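Undergrad: My questions are about this predicted structure, shown below with the sequence.
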Amino acid sequence: MTQKLPFEALSVETLPTRLGANDALTAKIGKDTSRWKVREVGDGNLNLVFIVEGETGAAVVKQALPYVRLVGDSWPLPLKRSFFEYHALTRQEARAPGSVPAIYHFDEGQALIIMEYLSPHIILRRALIEGRQLPNIARDIGLFMARTLFRGSDLSMVTKDRKADLALFADNVELCDITENLVFSDPYFDAKMNRHTSPQLDGLVAELRADRDLKVEAQRLKHLFAANAETLLHGDLHSGSIMVTDQETRMIDPEFAFYGPMAFDVGMLLANFWMSFFSQSGHEQNGKRDAMRAYLLDVVVETWAVFRTEFSHLWRTERSGMLYQKSLFEDQGDLLGAEQALDHVLHSIWTDLLGFAGIEVHRRILGLAHNADFETIADADLRATCEAKALKFGRHLAVNRHQIHSIDEVNTLATLIERENSI
Ligand code: SR1
Ligand code: MG
């Protein structure tokens, strides 16, 4: 019987000794550990991430820590998130082949996943800050969302399997708790870990915290997030969870995966494109970013169009689950009934994604976990101007989501707010 070793965090120094006998890793990068080069590159909020290069290749070793890296050991966090990440990645690969890194090895006890080293990919958020226009992201991410969200739901799965999977991911309690608090509640009161660009945004922050309609809407969205176990979500699908080259797009980091509303992933993702849009004027040292702003709005339009088209295609060709079953519609010759139901489902996703997007914008400016789009704007006044515009936009989305009918309407709103001189 092999003895289970207690968890121990890896370091650049210990990794070769600790993993030198791991067959999956040595098959990829070579056995001669004296030739291994190890770098710790984790810049996320939670985990250790190592790139290990050997004679014959390279791999990524991602290890969870028993606490939140961003905050330190005063905030413990279960290692089990690595288990959920591993299981989410396997499901995403099955449902949207080629969209996530290949997994070589998973060690539950050490909370580590050895996976494909994506190179020359970079984090999408970084590319957007640099002003790079990636031609394929809208198509790739739109397809990923439609396929994973549709195929992980009762529209597609055998209900017994879905319920078993729902039970498995229901245990991802602590990561859900982070989202429930950090995204939906903390931005709207004086929560301990909040921060914002101060004093520039103090007045606006006070206004938002006193905004009854906004707070009610944020809680309705939290209710939806907590109670609508519709599909297996990525759970943290922002531009920092996506790696890109000009040709390729891969989604990473699904440790927040759990069963929730489809609109959550779509809303969080689009929010990050809109935040990038509002941050561009903070990155114009080397020239105007008008073309980049236009590109980002086009990406939003195309992502939503690709999502709708693929989701509709799957609805018509793969709807084999217990919801909206074909025996009620197509099998009776009622094709129109199936289309009417599809319209309703897409409309709910639309309305809810706007709300989730608005809240995501707020939490990235008012809560604990900010994003580099704004954070890398060194001039605090300029940063605050960008952030204030995004906050106003986010409020509009969250509060008026039932009255907004098209993506063009949202992009027009973003453009108008962006052009305002004073906020
Ligand atoms: C304490 S974790 C803060 C944030 O980082 C992750 O990437 C999630 O977005 C989470 O909300
Ligand atoms: Mg992450």
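TA: Thanks, I have it. Ligands and ions are numbered 1, 2, ... in the order given.
Undergrad: Can you give me the end-to-end span of stretch 101-111?
TA: For stretch 101-111, the first-to-last residue distance is 17 Å (C-alpha to C-alpha, to the nearest Å).
Undergrad: Return the set of buried residues in that stretch.
TA: By neighbour count on 16 or more other C-beta atoms under 10 Å, the buried set for stretch 101-111 is 101, 103-107, 110-111. (Each C-beta comes from the backbone N, C-alpha and C, glycine too.)
Undergrad: Which single one of those residues is nearest to ligand 2?
TA: The nearest member of the buried residues of stretch 101-111 to ligand 2, counting by C-beta to the ion, is P101 at 13.4 Å.
Undergrad: Let me see the ranges of the helices in the stretch 1-150 of the chain.
TA: 15-19, 23-29, 81-95, 124-129, 137-151 (DSSP state H, counting those that start in this stretch).
Undergrad: what helices or strands is the first one leaning on?
TA: Helices and strands touching helix 15-19, as assessed by 3 or more C-beta pairs under 8 Å, 6 or more residues apart in numbering; DSSP states H and E, comprise strand 47-53.
Undergrad: 6 Å instead?
TA: Helix 15-19 sits against no helix or strand, with contacts defined as 3 or more C-beta pairs under 6 Å, 6 or more residues apart in numbering; DSSP states H and E.
Undergrad: Please work out the average pLDDT along it.
TA: For helix 15-19, the mean pLDDT works out to 98.
Undergrad: now do stretch 87-97
TA: Stretch 87-97 comes out with an average pLDDT of 98.
Undergrad: picking that back up, from the buried residues of stretch 101-111, which single one is nearest ligand 1?
TA: Each of those was scored against ligand 1 by C-beta to the nearest ligand atom, and A111 proved nearest at 16.1 Å.
Undergrad: show me the contacts for the residue in the stretch 301-423 of the chain positioned nearest to ligand 2.
TA: Taking C-beta to the ion as the measure, the stretch 301-423 of the chain has A369 as its residue closest to ligand 2, at 9.6 Å. By C-beta atoms under 6 Å, 6 or more residues apart in numbering, the residues touching A369 are N45.
Undergrad: Pull up the residues of the protein that are close to ligand 1.
TA: For the chain, the contact set with ligand 1 under C-beta under 6 Å from any ligand atom comprises 44-46, 68, 70, 178-179, 182, 236, 369.
Undergrad: which residues are in contact with stretch 409-423?
TA: 274, 277, 297, 388-389, 392-393.
Undergrad: can you do 10 Å?
TA: Outside stretch 409-423, the residues that touch it by C-beta atoms under 10 Å, 6 or more residues apart in numbering are 201, 204, 270, 273-274, 277-278, 280-281, 293-294, 296-298, 300-301, 304, 354, 357, 384-393, 396-397, 400-401, 403-404, 406.
Undergrad: Just put the residues of the chain next to ligand 1 in CSV and tack on pLDDT.
TA: As requested, these are exported to CSV (pLDDT from 0 to 100):
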residue, pLDDT
G44, 82
N45, 88
L46, 92
V68, 94
L70, 90
I178, 97
T179, 98
L182, 98
D236, 98
A369, 96
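Undergrad: Which elements pack onto the helix or strand containing W350?
TA: Assigned by DSSP states H and E, W350 belongs to helix 335-366. With contacts defined as 3 or more C-beta pairs under 10 Å, 6 or more residues apart in numbering; DSSP states H and E, helix 335-366 has these neighbours: helix 137-151, helix 202-209, helix 212-227, helix 262-279, helix 290-318, helix 372-375, helix 380-400, helix 407-419.
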